[in-house]
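K.L.:
sequence? don't have it. structure:
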């Protein structure tokens, strides 16, 4: 091994010579004889072994501005600690909170939405779609933008604030949905109202938007031929999808354009008690780039 000192610069290599960059005070050449070599930093197995550790301090560490920049390797978690003069920082630990790479939206307690079909006649034409809104932002570490969402149906277009989620970061997302619900059915021989999650993708080259149905789901309820229901139930759904910046999603109550039924309804329930304890919510988790 050679160690070369030149103009207060240090180069370390297993070769005879090393070319040191003009802006480097220390340069290590890890290549030799077709193999690659690394640097072994001072190591610990747990944070209690870090210098200046003192459990009586509020942040568990004593202050020492002269030690700013000190680095140590935690072999237990395969991560690094750096000292800022007051405490040891650890990027991996700091980013492992549940809210990291997530965004959660819920209701405030007065956003109950419903679709009711065939309240009077048996043979119906419904075709009504209601966008579901999530006005309360619990946390948003993904830069998701809420905006008014629109649904188009035979009974007319509907637009509602806080019902469309615009993605700003490319990646693979896991989407979890929970909706406290009420189902009522007197008679249904065809399709019932249901929840649907739609993806809208922008195509800038032709100035158009494509629509894709990602999910269709219903709350549990007891019924025979659609007769029955449940005033206190819930619907849950999960999907994983790759999204791009500019994509958007809308969750809605969907009803079939035509069917045979009487008094069929689906309600996304909401009131202050529900919102405080088991609110309607949508949770985005970015699981990879």
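P.N.:
Nice, thanks for sending it over. As the structure is a prediction and not an experimental result, all values here were calculated from the model.
K.L.:
isn't residue 109 right next to residue 280, touching?
P.N.:
No: at 10.1 Å, residue 109 does not count as touching residue 280 under the criterion of C-beta atoms under 8 Å. Where C-beta positions appear, they are placed from N, C-alpha and C, glycine not excepted.
K.L.:
okay, those two: which has more neighbours?
P.N.:
Applying other C-beta atoms under 10 Å to residue 109 and residue 280 shows that residue 280 carries more neighbours, namely 27 against 16.
K.L.:
so what's that one up against?
P.N.:
Residue 280 makes contacts with 106-107, 111, 132, 134, 178-180, 268-270, 274, as judged by C-beta atoms under 8 Å, 6 or more residues apart in numbering.
K.L.:
where's it relative to residue 213, distance?
P.N.:
From residue 280 across to residue 213, the span is 20 Å (C-beta to C-beta, to the nearest Å).
K.L.:
Ok, residue 111 next?
P.N.:
Note on residue 111: its distance to residue 213, by C-beta to C-beta, is 23 Å.
K.L.:
pLDDT weak spots in the stretch 1-150 of the chain?
P.N.:
For the stretch 1-150 of the chain, the stretches with pLDDT under 70 are 1-7, 91-97, 117-127.
K.L.:
coming back round to it: out of the contacts of residue 280, list just those in strands.
P.N.:
Assigned to strands by DSSP state E, the following of the contacts of residue 280 qualify: 106, 178-180, 268.
K.L.:
For those, work out which two are farthest apart.
P.N.:
106 and 268 (12.1 Å; C-beta to C-beta).
K.L.:
So for those two, which residue has more residues nearby?
P.N.:
Between residue 106 and residue 268, residue 268 has the larger neighbour count (other C-beta under 10 Å), namely 25 against 21.
K.L.:
On the strand side of things, show who the more buried one bridges to.
P.N.:
When assigned by DSSP bridges, residue 268 has beta-bridge partners residue 113, residue 181.
K.L.:
Looks like it contacts residue 133 (just checking).
P.N.:
No: contact criterion C-beta under 8 Å: residue 268 and residue 133 do not qualify, at 9.4 Å.
K.L.:
Need the residues touching each of residue 109 and residue 280.
P.N.:
270, 274.
K.L.:
next one: the longest helix along the chain to chain centre, how far?
P.N.:
Using DSSP state H to define each element, the chain has its longest helix at helix 272-277. Mean-position distance between helix 272-277 and its chain equals 22 Å (C-alpha atoms, centre = their mean, to the nearest Å).
K.L.:
Let me know the next secondary structure element after that helix.
P.N.:
The first helix or strand that comes after helix 272-277 along the chain, using DSSP states H and E, is strand 281-288.
K.L.:
What helices and strands are in contact with that following strand?
P.N.:
Applying 3 or more C-beta pairs under 8 Å, 6 or more residues apart in numbering; DSSP states H and E, we find strand 281-288 packed against strand 102-106, strand 171-185.
K.L.:
between the longest strand belonging to the chain and strand 281-288, how big is the angle?
P.N.:
Selection of the longest strand in the chain by residue count, based on DSSP E, yields strand 227-243. Counting by axes from the mean of the first three to the mean of the last three C-alpha atoms, to 10 degrees, strand 227-243 lies at 30 degrees to strand 281-288.
K.L.:
Against which helices or strands is strand 227-243 packed?
P.N.:
Counting by 3+ C-beta pairs under 8 Å, 6+ apart, strand 227-243 packs on strand 171-185, strand 194-203, strand 208-217, strand 222-224.
K.L.:
Using CSV, please lay out these together with mean pLDDT.
P.N.:
Below are those laid out as CSV (pLDDT from 0 to 100):
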stretch, mean pLDDT
strand 171-185, 91
strand 194-203, 89
strand 208-217, 88
strand 222-224, 51
